[in-house]
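1. Any chance you can model this:
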Amino acid sequence: MGAQYEYPEKLKELGISEQDFGEMDPDLQRWYYLEYHGAAARPQDIHFPRGTAPSGDFKFEAGDGFDVKPQKLRDLADALESDLNELKPLLSRIQSEGLISTSHVGEWPSGAEFARVASNTQTGFNQYLTDVVAGYNGVISRLRTTADNYDKAEKKTNEQANSVNTNGPSPTTNGNVAL
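-> Numbers count the residues shown, from 1 in each chain. Below is the predicted model of the structure:
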C-alpha cells in the first residue's frame, strides 16, 4: 500500500522512514500528516464516513413524463438562501469566538502546544465552514440558473411552434410526402 498522504520531512527526525509511513493504516498516516506537515488541516484531508446511505432510487436520467417546474426550483433556492441567511450570524460568531490562546490555557510548553493545535484546528474549521457556505451558495445559484434555462427553453419552443405557417398548402398528397 502506498502512502495516501505526502510524507512530512519532519518524520525523518522522528525516526519514521518513508516506507514505514507508506505501510501505515490510512488513518494513522492522516494523523501524522496533519500533526507534522506544519499546515493547518484542510477539509479535504478529513474524511467523515457517511452514517447511512440515502433511501430511494436515485438516478440521473429523467423518465417519460418528466416535468420540471422552474418556479419550484426558485422556491427551493429561496428557502435554502433563507436558511443560510439565518445561519450566517451563528457561523460568523463561531469563526470569530473560537480561538483558544495561551492566555486561556497558560504559557507553559504543553499549554502553548495546545493553543497551537487549537489555532490550527480553528483555521481548518473556518476554512471548512467557508467551503460549506460556498458550496451551499453554489447549489442555490445552480437551482436558479436551471430554472432560468428551463424558462428560456420553454419560451423558445413556444416561439418556434407558434411561428409555424398553418395556412399554407399541405405537405402531403394522397398520403405521400411531397418533395
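2. Now the longest helix along the chain: average pLDDT?
-> The longest helix of the chain (DSSP state H) is helix 109-162. Computed over helix 109-162, the mean pLDDT rounds to 89.
3. which other helices and strands contact it?
-> helix 70-97, helix 102-105 (3 or more CB pairs under 8 Å, 6 or more residues apart in numbering; DSSP states H and E). Where C-beta positions appear, they are placed from N, C-alpha and C, glycine not excepted.
4. packing partners for the longest one?
-> The one in question is helix 70-97. helix 109-162.
5. now Thr166, what's its secondary structure?
-> At Thr166 the chain is in coil, as set by DSSP: H, G, I helix; E, B strand; the rest coil.
6. and it, how many residues sit next to it?
-> Using other CB atoms under 10 Å, Thr166 has 5 neighbouring residues.
7. in whichever helix or strand Leu11 is part of, what's buried?
-> Using DSSP states H and E, Leu11 sits within helix 10-14. Using 16 or more other CB atoms under 10 Å as the test for burial, helix 10-14 gives Leu11.
8. and what of stretch 28-38?
-> Gln29, Arg30, Tyr32, Tyr33, Leu34, His37.
9. Out of these, flag the one nearest to Ala153.
-> Closest approach to Ala153 among the buried residues of stretch 28-38 (CB to CB): Arg30, at 45.8 Å.
10. Show me what the helix or strand hosting the closest one is packed against.
-> Applying DSSP H and E as the criterion places Arg30 in helix 26-36. Contacts defined by 3+ CB pairs under 8 Å, 6+ apart place helix 26-36 against helix 10-14.
11. Name the next helix or strand following the helix it packs on along the chain.
-> Taking DSSP H and E, what comes next after helix 10-14 is helix 18-23.
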